[in-house]
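Peer 1: sharing a model that was predicted from the sequence below.
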Amino acid sequence: MIHPIETQETHVGPSLLRRLAAAWPKRATIRTDMGGVLNPGDYDPGLLDYPLHLMPFAEHPRFVAASEEQRLRVNTLAWIAYNERVIAAEEYVANPTFEKLGHGVFPGVDRFEVKEAVQQSHIDEVWHTYMHMMAMQRTREARQVEAEHGFAQPVTNRRLYALADTMSEQWQQDLLYLMWTAVGEISINAFLDLLAGDKSIQPMHALVARLHARDEAAHGPVLAELMKEIYPKLDRKQQDFFVRHLPEAITAFGAEDYQLWPQVLRVAGIAKVDEIIADSRSQEDGEVMMNDFGTVRRLLRELDIEDKVEYDFGPAKDGAR
Ligand SMILES: [Fe+2]
Ligand SMILES: [Fe+2]
């Protein structure tokens, strides 16, 4: 006898989202690691704030010729800017999207386990902003960086705002925010891992990146599951829009920020900034900070749109299925 589908489904067991939601009370760093974030230990004056290899001009002769004090100031500001980029992505892109997800702006977010995972992720993000805010403040105190420099909004956000401004319909803008958030949440660990295991920088900086990455290890699957709920319920026009603009979200997330770097260099009093920046941009991969988007590729494969999205992910690392 063939069982009705409903009966079979009750035997499948908890969905991935339900399992992720059930693990949250034990997994969330806001519950388990507040002590480490608030009392991270002493600053080690012998260590950097930011990995040198992530400064695209680190070996430029004009930069190398600057005083040690100026170069260290650039390094400290680069770390502050990295935190600001993370915070801006959360405050202006991810969190507004989690609100939209919670408010029923997108289809497919009506089951309780879906809503629960959205709220948990939203709570985590607000906590991450706090973690990075504290990390920046400690750095400002230890390195005596007094002024709030008011760095530009990061490149990822600027590209979203610019594209959203060209769209006349609300659903187009909402979908762009969802795309930027999905790519961000699914890829952010590649971005955080740039620092999480680095031994050349302050251990407390690496710790913040590591703790953040632990939460994001759950957010990636949450967003992938959410997209599997939402994408099939979009209408044809919306699906086409998603496929067409997703490459811009991916490129924006991995981009090197050439509005920010000149600002950082000038604040530190480095000479010939325009020359340094022009040379950095013309290097191979000079425009790319991070290009590890295998997780996005996997999601597109699961949504069955990998062939439609015009982005060159490079050779498949995880093996084509
Ligand atoms: Fe986060
Ligand atoms: Fe996240």
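Peer 2: Structure's in. What do you need? Ligands and ions are numbered 1, 2, ... in the order given.
Peer 1: before we move on, which element is the closest residue to ligand 2 within the stretch 201-321 of the chain in?
Peer 2: Residue of the stretch 201-321 of the chain nearest ligand 2, by Cβ to the ion: residue 219 (3.6 Å). From N, CA and C alone the C-beta is placed, and that goes for glycine too. Following DSSP states H and E, one finds residue 219 within helix 203-230.
Peer 1: contact residues of the stretch 101-250 of the chain facing ligand 1?
Peer 2: Within the stretch 101-250 of the chain, the positions near ligand 1 by Cβ under 5 Å from the ion are 125, 128.
Peer 1: could you export stretch 280-289 as PDB, CA atoms only?
Peer 2: Extracted in PDB, the C-alpha atoms of stretch 280-289 (Å, rounded to 0.1, in the frame of the first residue of the first chain):
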ATOM      1  CA  SER A 280      47.700  48.500  -7.100                       C
ATOM      2  CA  ARG A 281      44.600  48.500  -9.300                       C
ATOM      3  CA  SER A 282      46.500  47.500 -12.400                       C
ATOM      4  CA  GLN A 283      48.100  44.400 -10.700                       C
ATOM      5  CA  GLU A 284      46.700  41.000 -11.700                       C
ATOM      6  CA  ASP A 285      43.600  40.600  -9.500                       C
ATOM      7  CA  GLY A 286      44.100  44.100  -8.200                       C
ATOM      8  CA  GLU A 287      40.400  44.600  -8.100                       C
ATOM      9  CA  VAL A 288      39.700  41.400  -6.100                       C
ATOM     10  CA  MET A 289      40.000  41.000  -2.400                       C
END
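Peer 1: ok, residues contacting that stretch?
Peer 2: Here stretch 280-289 makes contact (Cβ atoms under 8 Å, 6 or more residues apart in numbering) with 54, 56, 57, 60, 254, 255, 256, 257, 258, 261, 291.
Peer 1: in helices, which of these fall?
Peer 2: For the contacts of stretch 280-289, membership in helices holds for 254, 261, with DSSP state H as the criterion.
Peer 1: hmm, which of the contacts of stretch 280-289 is lowest in pLDDT?
Peer 2: Least confident by pLDDT among the contacts of stretch 280-289: that is residue 291, with 88.
Peer 1: hmm, back to that, my guess is the residue of the stretch 201-321 of the chain closest to ligand 2 contacts residue 121. True?
Peer 2: Yes. Here residue 219 reaches residue 121: they are 5.2 Å apart, a contact under Cβ atoms under 8 Å.
Peer 1: got any residues that touch both of those two?
Peer 2: residue 185.
Peer 1: around ligand 2, pick out the residues from the stretch 151-300 of the chain.
Peer 2: Taking Cβ under 5 Å from the ion as the contact definition, the stretch 151-300 of the chain meets ligand 2 at 185, 216, 219.
Peer 1: a markdown table please, covering those residues and showing pLDDT.
Peer 2: Conversion of those to a markdown table gives the following (pLDDT from 0 to 100):
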| residue | pLDDT |
| --- | --- |
| 185 | 96 |
| 216 | 93 |
| 219 | 94 |
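Peer 1: out of those residues, who's the most crowded?
Peer 2: Compared across those, residue 185 has the highest neighbour count, 28 neighbours, by other Cβ atoms under 10 Å.
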